[in-house]
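Undergrad: Sequence and computational prediction follow.
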Amino acid sequence: MRLAVLVLGLLLCLVTGAASLAPIPPSNRVSLIHDRLLNANLNRDHVMVVAHRAGWKKDGVIMRAENSFAAIDHAVSIGVEMVELDVRRSKDGVLVIMHDETLDRTTTCHGKVADHTLGELRACQLLVEGQRRPTEEHVFTLEEAMLHARGRIMINIDNKIEPEALVEVADIARSLGMPDGVLLKLAVWDADRLQLARDIRRAISPDIALMPILADDAVTEPAFIDRTESSIGAPAAELVHWHRDASQPITADGGPLLSPLARAAAIRNNAHLWINTYPITDRPEGMVAGGRGDYLALKTGRPEDVWGFFVDRGVTIIQTDEPEAVIAWLDAQGLRRPYDLTN
């Protein structure tokens, strides 16, 4: 009997020891991601990945309903730092998750989101687009999305309604005890718009991250980029490098928003540079990335000409429709560091 007890104890020790060697996702993963977001200059050897519409594709094939819990869960499982979710308002004033103005493309319902109450939207099943396959998920609120993601992954809010709604979004995040769980953004193109960003910055308070979206059809001067980043305490700047004409060559230098002076402004302001390599339906490949988009990388087998091109020019956040491929390539280049308790 004594021998049996000793053997059992030894086996338990071995099992416990083996389990302790297994990687355990830290419970404070979001706080670690948030810390890297706020400290760009300490983390320029790590490229963060954002899943566009929460991550709905793989190799160009739609695998999940966009903006869905399933997409969020998958993004968490592959190590994505942030999911982008689109926010609209129901007829009775509730913030809900939906990309389009209408329900037709992505749900079993029809008509405008704003013409339906939350109760009516609850009956709309999310679809896997292309297949038109209904899922078990229904339209959900922003608050529900935040609760689903809380502690596991950050949410980048793509606000499809009035800019002032960002204050409401911030209030929801704070009420749920997750001010570090969201990143808000606002397009800024001139002095008036910058003043609006300042006003929103003051209204939401410093504990909620806010960044500008800067597009090179309006913003080209490094001084304005510098002023925008510094005046709202932006941890990042989302850059749009237009490529509207497929007959034109793709960008050779990244455009004015990735010039040496623009990159110097980002370093002065401890801000990340963010590029979007996802496609826009029925538009030239890489339309918002100077023609260097996800499917140029995948079709040519030369990701260095897309994701590598932007990393070489100082980009440290990539929003993509192909997060698995981007993470795999970044890992292979040594451009990802694991999130552990020492960060």
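TA: Nice, thanks for sending it over.
Undergrad: And the helix or strand containing Ala265, what does it pack against?
TA: Per DSSP states H and E: Ala265 is located in helix 260-268. For helix 260-268, the elements it packs on are helix 222-231, strand 272-276, judged by 3 or more C-beta pairs under 8 Å, 6 or more residues apart in numbering; DSSP states H and E. Heads up, the C-betas are built off the backbone N, CA and C, glycines and all.
Undergrad: Deepest-packed of these, please.
TA: Highest mean neighbour count among the helices and strands packed on helix 260-268 (mean count of other C-beta atoms under 10 Å): strand 272-276, with a mean of 26.
Undergrad: counting contacts, what elements does that strand pack onto?
TA: So strand 272-276, by 3+ C-beta pairs under 8 Å, 6+ apart, packs with strand 236-240, helix 260-268, strand 317-320.
Undergrad: Other residues contacting that strand?
TA: Residues from elsewhere that reach strand 272-276 (C-beta atoms under 8 Å, 6 or more residues apart in numbering): 37, 40, 48, 50, 52, 211, 235-241, 257-258, 262-263, 266, 288-289, 310, 313-320.
Undergrad: What average pLDDT does the helix or strand that comes right after it get?
TA: With elements assigned by DSSP H and E, the helix or strand that comes after strand 272-276 is helix 294-300. Across helix 294-300, the average pLDDT comes to 97.
Undergrad: in helix 294-300, what counts as buried?
TA: Buried residues in helix 294-300, counted by 16 or more other C-beta atoms under 10 Å: Asp294, Tyr295, Leu296, Ala297.
Undergrad: can you redo these as CSV with distance to Pro303?
TA: Formatted as CSV, the buried residues of helix 294-300 follow (distance: C-beta to C-beta, whole Å):
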residue, distance to Pro303
Asp294, 9
Tyr295, 11
Leu296, 9
Ala297, 4
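Undergrad: If I look at the spatially most central residue of the chain, what pLDDT would I see?
TA: In the chain, the C-alpha nearest the mean C-alpha coordinate belongs to Val50, at 3.4 Å (C-alpha atoms, centre = their mean). The score at Val50 is 98. That number is its pLDDT.
Undergrad: ok, and the closest non-adjacent residue to it?
TA: Nearest non-adjacent residue to Val50, counting by C-beta to C-beta, 6 or more residues apart in numbering: Gln319, 3.9 Å away.
Undergrad: is it true that the one you found touches Val47?
TA: No: look at Gln319 against Val47 with C-beta atoms under 8 Å: they stay out of range, at 11.4 Å.
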